[in-house]
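*Asks:* let's see this in three dimensions:
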Amino acid sequence: MATTAIQDTQLRMVFDAGMEGDKQLYKNKSFSNVKTSATGDQLYAVANALAPLQQLPLISVERNDSHGLYA
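*Replies:* Below is the predicted model of the structure:
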């Protein structure tokens, strides 16, 4: 049976970049080399601490994990 393990974690912050006609525009800022053991609450706290340093308003915070499959 195969097992999975988290190999890499990335934090992505999504910002409101305004409107183009009737289409919403987004800007993303990603941070790599995030500890794989970081909890969702910890990542959310970091994103909220960094948000005031940005020019655009923060819309959402995403966590992207890469998994490896092993036999």
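*Asks:* in the helix or strand where residue 46 lies, what's buried?
*Replies:* Applying DSSP states H and E as the criterion places residue 46 in helix 40-50. Neighbour counts over helix 40-50 (16 or more other Cβ atoms under 10 Å) mark 43, 46, 47 as buried. Heads up, the C-betas are built off the backbone N, CA and C, glycines and all.
*Asks:* how about residues contacting it?
*Replies:* 11, 13, 34, 58, 61, 63 (Cβ atoms under 8 Å, 6 or more residues apart in numbering).
*Asks:* okay, and the residue most central in space within the chain sits in which element?
*Replies:* What sits nearest the mean C-alpha location of the chain, by Cα atoms, centre = their mean, is residue 12, with 2.2 Å. Using DSSP H and E, residue 12 maps to strand 3-20.
*Asks:* only alpha carbons, please: show that strand as CSV.
*Replies:* Extracted in CSV, the C-alpha atoms of strand 3-20 (Å, rounded to 0.1, in the frame of the first residue of the first chain):
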residue,chain,number,x,y,z
THR,A,3,1.8,6.2,1.7
THR,A,4,2.1,9.9,1.3
ALA,A,5,4.3,12.5,2.9
ILE,A,6,4.4,16.3,2.6
GLN,A,7,7.5,17.3,0.7
ASP,A,8,7.0,21.0,0.4
THR,A,9,4.6,23.7,1.6
GLN,A,10,4.0,27.1,0.0
LEU,A,11,2.0,30.1,1.4
ARG,A,12,0.1,32.1,-1.2
MET,A,13,-1.6,35.4,-0.5
VAL,A,14,-4.3,36.6,-3.0
PHE,A,15,-4.9,40.3,-3.3
ASP,A,16,-7.6,42.4,-4.9
ALA,A,17,-6.1,44.2,-8.0
GLY,A,18,-9.4,46.0,-8.9
MET,A,19,-11.8,45.5,-11.8
GLU,A,20,-11.3,45.4,-15.5
